[in-house]
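Enquirer: have a look at this fold, sequence not included:
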């Protein structure tokens, strides 16, 4: 799950993903639940807006944390035909950290 931050100024409000509405509707918002095409396609249509917000916020975080070049490398080297395991491996290779560590940092980041 990588998304271009089309409206990058909106992603600066990182609390958009931490909003209590997501908890109310029972949506599990973690980047690792949206890695593959299969994950994305299994997202209920009525919740798509939440996952787009997550994708934008996550992309903003990755660029801020790891830099635009690392993000571009990850983006170039991942695609919809890869398995979850291959994508998780790519995070470690191109961003220099395991996905689970990045996720922990991400949730600290959005909750600041």
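Expert: That came through, no problem. All of these numbers come straight from a predicted model, not from anything done at the bench.
Enquirer: all contacts plus neighbour counts: C-alpha atoms, from now on.
Expert: Noted.
Enquirer: hey, where'd the helices end up in this protein?
Expert: Counting by DSSP state H, the chain has helices at residues 8-11, 20-24, 37-41, 48-66, 68-76, 84-95, 99-110.
Enquirer: any idea which of the ones you listed is most buried?
Expert: Among the helices of the chain, helix 48-66 has the highest mean neighbour count (mean count of other Cα atoms under 10 Å), at a mean of 19.
Enquirer: how far off helix 84-95 does that helix point, in degrees?
Expert: 30 degrees (axes from the mean of the first three to the mean of the last three Cα atoms, to 10 degrees).
Enquirer: what is helix 48-66 packed up against?
Expert: On a contact count with 3 or more Cα pairs under 8 Å, 6 or more residues apart in numbering; DSSP states H and E, helix 48-66 meets helix 8-11, helix 68-76, helix 99-110.
Enquirer: quick one: pLDDT of residue 99?
Expert: pLDDT, residue 99: 91.
Enquirer: OK, contacts around residue 88?
Expert: Residue 88 makes contact with 98, 99, according to Cα atoms under 8 Å, 6 or more residues apart in numbering.
Enquirer: can you tell me how far it is from residue 49?
Expert: 24 Å (Cα to Cα, to the nearest Å).
Enquirer: now distance to residue 59 too, for the helices and strands packed on helix 48-66, in JSON lines please.
Expert: As requested, those are exported to JSON lines (distance: least, Cα to Cα, whole Å):
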{"stretch": "helix 8-11", "distance to residue 59": "9"}
{"stretch": "helix 68-76", "distance to residue 59": "8"}
{"stretch": "helix 99-110", "distance to residue 59": "10"}
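Enquirer: mind checking the ones you listed for the one nearest to residue 32?
Expert: Closest approach to residue 32 among the helices and strands packed on helix 48-66 is made by helix 99-110 (7.5 Å; Cα to Cα).
Enquirer: what packs against the closest one?
Expert: Packing contacts for helix 99-110, counted by 3+ Cα pairs under 8 Å, 6+ apart, involve helix 48-66, helix 84-95.
Enquirer: closest one to residue 38 among those?
Expert: Using Cα to Cα, the nearest of the helices and strands packed on helix 99-110 to residue 38 is helix 84-95, at 9.2 Å.
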